[in-house]
Each structure stands twice: as C-alpha cells, then as structure tokens.
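> Sequence and computational prediction follow.
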Amino acid sequence: MFNIVIALGLVFIGFSAQAKNCSLNYNQNDVQITWTAYKTPKKVGVPGSFNKIHVAGPSTGNSVVEILSQSSFSIDLLSLDTKNPTRDKTISTSFFRPLKEYSTAKGFFKNISKSKLDMVLNLNGKTKTVPMKLELSGNTLKATGKIDVLDFAMSGSLAHLHRACKDLHQGKTWSEVSLQFTAPFHEKCQ
C-alpha cells in the first residue's frame with residue numbers, strides 16, 4: 001500500500017512538473033481602433049481608423065479580463081485615417097478642431113464579462129459609458145459598440161462637418177458612429 005502511494009505521488013509530481021505556466025500578452029502596436037461614420041439618407045458607412053493609440057497598463061496577465069480591467073487608453077484624434085487624404089483633412093478641420101479639447105480621447109474598460117464590457121469614454125470634456133459587445137475569436141479580442149457624438153456635446157462639430165460635406169452627404173450627416181477595438185493576444189508559456 002505504501003509503495004502505491006509513493007508511486008502515485010511520483011506520477012503526480014511528474015505531471016505537475018510538466019504542467020505549463022502560461023499567461024496572455026499583447027503588443028500595443030497591434031491594437032487597432034476603427035470607426036464607421038455615416039452619411040446620406042441611405043446611411044452609407046465611411047470607415048476609418050486612428051493611427052496613434054496609447055495603451056497604459058499591463059501587457060501581460062492571466063486572462064483578457066485581468067489585462068483589460070487594469071488598462072486605459074488615449075487616442076490622438078488627429079491621427080485619423082480614412083485612406084482618403086482630402087477627406088481626412090476635412091474631418092480633422094471641420095469636425096475635430098472646433099472641439100474645446102480636440103486633440104485626445106481617453107478611456108478605460110469596466111464591467112468586463114465573456115460577452116460584453118463597458119467602455120468609459122472621455123471625449124470633448126464629456127464622459128459617457130458605452131456598452132460594447134465583446135468577442136474572442138481565436139486569439140483576437142474584438143469589442144464593438146456605438147456612440148452618438150451629440151452625447152459628447154459635439155453638435156457644433158457635426159454642424160461644421162455637415163456644412164463642409166452637405167452636397168457629398170446628400171444633405172444628411174449622421175451623429176451615430178460605430179467603434180471597434182481589436183487586439184491580438186498571444187499565449188506565452190514557460
């Protein structure tokens with residue numbers, strides 16, 4: 001009996017020694033924030049992204065929830081990119097420059113679960129909680145949600161953009177903007 005206990009103990013110790021000690025990590029340069037604004041009465045999407053994003057907080061943790069709950073971000077709003085330099089200049093000049101605090105949006109995440117989270121976003125001096133759907137596809141995290149720029153006291157900016165693009169937008173510039181955050185995570189085992 002004693003020999004069986006010792007043998008089982010040695011087997012257990014062998015499995016424990018072979019068990020992986022793994023964590024998740026991401027590279028800040030791989031984080032993407034994309035958006036879609038809408039124009040025309042048919043609500044045609046205009047996609048874009050921001051090229052300058054700073055994420056503060058741990059890049060490694062035991063879970064996505066652990067990493068996100070300790071992270072915050074800032075976005076350089078003038079780093080927008082729609083793949084159309086003329087459009088970028090119009091949006092930058094007409095939409096973001098009239099803001100009181102136009103250069104940066106800031107935020108963090110809370111109430112994180114497997115399928116949703118809340119993004120707390122500070123834009124134009126206003127802070128709002130934005131519910132977002134959370135998906136983990138493979139090793140890539142994707143959070144999607146919508147904001148209304150009018151909730152951030154941006155009616156003046158929207159009016160400037162509408163005037164600048166009235167003919168191109170066929171008289172309709174929407175206040176709703178869809179947002180998407182993506183970050184690929186990698187498992188690191190020792």
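Received the coordinates, thanks.

> any idea of the mean pLDDT for stretch 144-151?
For stretch 144-151, the mean per-residue pLDDT is 97.

> Can you give the distance from that stretch to the centre of its chain?
Remark: stretch 144-151 is offset 13 Å from the chain centroid, using Cα atoms, centre = their mean, to the nearest Å.

> Just the buried residues of that stretch, please?
Neighbour counts over stretch 144-151 (16 or more other Cβ atoms under 10 Å) mark 145, 147, 149 as buried. Any C-beta I mention is one placed from the backbone N, CA and C, and that applies to glycine too.

> ok, those residues vs residue 155, which is closest?
Within the buried residues of stretch 144-151, proximity to residue 155 (Cβ to Cβ) peaks at residue 149, which comes in at 8.0 Å.

> Surely the closest one and residue 156 touch.
No. Using Cβ atoms under 8 Å as the test, residue 149 is too far from residue 156 to be in contact (10.3 Å).

> residues contacting residue 47?
Taking Cβ atoms under 8 Å, 6 or more residues apart in numbering, we find residue 47 in contact with 34-36, 82.

> now do residue 39
Taking Cβ under 8 Å, 6+ apart, we find residue 39 in contact with 46, 165, 168-170, 172-174.

> before we move on, what about residue 175?
148-150, 154, 158 are the contacts of residue 175 under Cβ under 8 Å, 6+ apart.

> Helices of this structure, start to end?
For the chain, applying DSSP state H gives helices covering 2-18, 64-69, 85-91, 155-164.

> what number of residues lie near residue 62?
The tally of other residues near residue 62 (other Cβ atoms under 10 Å) stands at 10.

> Read off the pLDDT value for it.
The pLDDT attached to residue 62 in the predicted structure is 88.

> How about the one 10 residues further on?
For residue 72, the pLDDT comes out at 95.
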